[in-house]
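Enquirer: Just a sequence and a predicted model for now, questions to come.
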2 protein chains.
Amino acid sequence: MNDDVLDPEPSTVPAGFTPLNWRRGFGQVMGTLYERAEADGGFTRAFLVEERHTNGMKNCHGGMLMAFADMVFGHSVSLLRRDHHWITIRLLTDFIAPAALGDWVEGTSQIVGQHDDLYTTRGRIWVGDRTVLTGTGVFKFAMPRKAHG
Amino acid sequence: MNDDVLDPEPSTVPAGFTPLNWRRGFGQVMGTLYERAEADGGFTRAFLVEERHTNGMKNCHGGMLMAFADMVFGHSVSLLRRDHHWITIRLLTDFIAPAALGDWVEGTSQIVGQHDDLYTTRGRIWVGDRTVLTGTGVFKFAMPRKAHG
């Protein structure tokens, strides 16, 4: 199902980004996300706003931006323990500006707090020099990931 | 594309729910949402957690729940002016319990405040008697909808 989301990467992908080939579940349904490791030890995740990500105004649907925010804000925590799943406890998203069809959307996050087993991160999503969304998330680790293969 | 999301309604759909046949954009990608008008003038929106909505733990992906929350929390505002699009300004989602593969997930919302052109709603998402997610949203109206035809 949804084989169309496994298309080859579009020509608009900036240098250094590689696709996250999630081949099942909601990660696949959302479409191709991309990731780049940054020199400062951080990361950038990204996607191209395709027709299927849009709302009736041909902007990226708020639901897609929130789902992307979840995968961006939580990834800082994921990097601490790659062998465990994490779950979202709370997410706050402030929508600053729209992302339009054809926009290349990027985002990153940082861990800003830890209390017991709860990690708080702060994140930002942007297109070029335009901030699209900011917010915070609270996450915790869940069960170990199954080894792939 | 994604014709699989227009499958006939599953046999598990409770009485009174009709599918929202969104045939384009992210509404289609998310899969079939259902809606029922309630006797008190409110509404319930719902979906069945399918394989393609899941995360690596076979629960409904947090991103899918947030996208659903957007469409549930904002719908209270939408009902005020069906001829206008609305946009999300802020969304806060608290994840209380997971929704599992095969669960029938329902949600509703109410308007709890208005200030100038900003509407605040409060919403809840549940499976049976288990609360899955609660939160609040801030929304405003955008451009008029194009007439379908």
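Expert: Done, it's in.
Enquirer: Mind checking the pLDDT average for the lengthiest helix in chain A?
Expert: Identified as the longest helix of chain A according to DSSP state H is helix A:62-73. For helix A:62-73, mean pLDDT rounds to 94.
Enquirer: distance between the helix or strand following that helix and the chain's centre?
Expert: Downstream of helix A:62-73, the next assigned helix or strand under DSSP states H and E is helix A:75-78. The chain centre lies 11 Å from the centre of helix A:75-78; the measure is CA atoms, centre = their mean, to the nearest Å.
Enquirer: What is the least confident helix or strand in chain A?
Expert: The least trusted helix or strand in chain A, going by mean pLDDT, DSSP states H and E, turns out to be helix A:25-30, with a mean of 86.
Enquirer: wait, does the helix or strand just after that helix contact chain B?
Expert: Using DSSP H and E, the next helix or strand after helix A:25-30 towards the C-terminus is strand A:33-37. No: remark: strand A:33-37 sits outside contact range of chain B, by CB under 8 Å from any CB of the partner chain, the gap being at least 10.7 Å. C-beta here means a position set from N, CA and C on the backbone, and glycine is covered the same way.
Enquirer: got the angle between the helix or strand just after strand A:33-37 and helix A:62-73?
Expert: The first helix or strand that comes after strand A:33-37 along the chain, using DSSP H and E, is strand A:43-48. On the basis of axes from the mean of the first three to the mean of the last three CA atoms, to 10 degrees, strand A:43-48 is oriented at 160 degrees to helix A:62-73.
Enquirer: In terms of secondary structure, what does strand A:43-48 contact?
Expert: Strand A:43-48 sits against strand A:33-37, helix A:62-73, strand A:104-115, with contacts defined as 3 or more CB pairs under 8 Å, 6 or more residues apart in numbering or on different chains; DSSP states H and E.
Enquirer: Now do the contacts for the residue nearest to residue A:24 when sequence neighbours are not counted.
Expert: Leaving aside its chain neighbours, residue A:24 sits nearest to residue B:51 (7.4 Å; criterion: CB to CB, 6 or more residues apart in numbering or on different chains). Neighbouring residues of residue B:51 by CB atoms under 8 Å, 6 or more residues apart in numbering or on different chains: A:24-25, B:101.
Enquirer: buried subset of those?
Expert: Neighbour-count burial (16 or more other CB atoms under 10 Å in any protein chain shown) applied to the contacts of residue B:51 gives A:25, B:101.
Enquirer: buried residues in the helix or strand containing residue A:139?
Expert: Assigned by DSSP H and E, residue A:139 falls within strand A:130-144. By 16+ other CB under 10 Å, the buried positions in strand A:130-144 come out as A:132-139, A:141.
Enquirer: what does that strand contact?
Expert: So strand A:130-144 is contacted by A:65, A:69-70, A:73-74, A:77, A:81, A:83-99, A:105, A:107, A:109, A:112, A:117-126, B:57 (CB under 8 Å, 6+ apart).
Enquirer: Which of these fall within helices?
Expert: Short answer: the contacts of strand A:130-144 in helices (DSSP H) are A:65, A:69-70, A:73, A:77.
Enquirer: Please identify which of these is nearest to residue B:29.
Expert: Of all these, residue A:65 has the smallest distance to residue B:29: 13.4 Å, by CB to CB.
Enquirer: So what pairs up with the spatially closest residue to that closest one that is not a sequence neighbour in the strands?
Expert: In this structure, residue A:65 finds its nearest non-sequential neighbour in residue A:133, 5.6 Å apart by CB to CB, 6+ apart. Applying DSSP bridges to residue A:133 gives these bridge partners: residue A:95, residue A:125.
Enquirer: Just the pLDDT for residue A:133.
Expert: Reported pLDDT for residue A:133: 98.
Enquirer: can you check residue A:1 too?
Expert: We note a pLDDT of 40 for residue A:1 in this prediction.
Enquirer: do you know how far the residue of chain A positioned farthest from its centre is from residue B:18?
Expert: What lies farthest from the middle of chain A is residue A:116; by CA atoms, centre = their mean that is 24.9 Å. For residue A:116, the distance to residue B:18 (CB to CB, to the nearest Å) stands at 45 Å.
Enquirer: Equivalent analysis for residue A:64, please.
Expert: Taken as CB to CB, the span from residue A:64 to residue B:18 is 24 Å.
Enquirer: Have a look at those two and say which one is more surrounded.
Expert: residue A:64 (29 against 11; other CB atoms under 10 Å in any protein chain shown).
Enquirer: count of residues packed around the closest residue to residue A:16 other than its chain neighbours?
Expert: Sequence neighbours aside, residue A:36 is the residue nearest to residue A:16 in space, at 4.4 Å (criterion: CB to CB, 6+ apart). Neighbouring residues of residue A:36 were enumerated by other CB under 10 Å; the total is 17.
Enquirer: Many thanks, have a good one.
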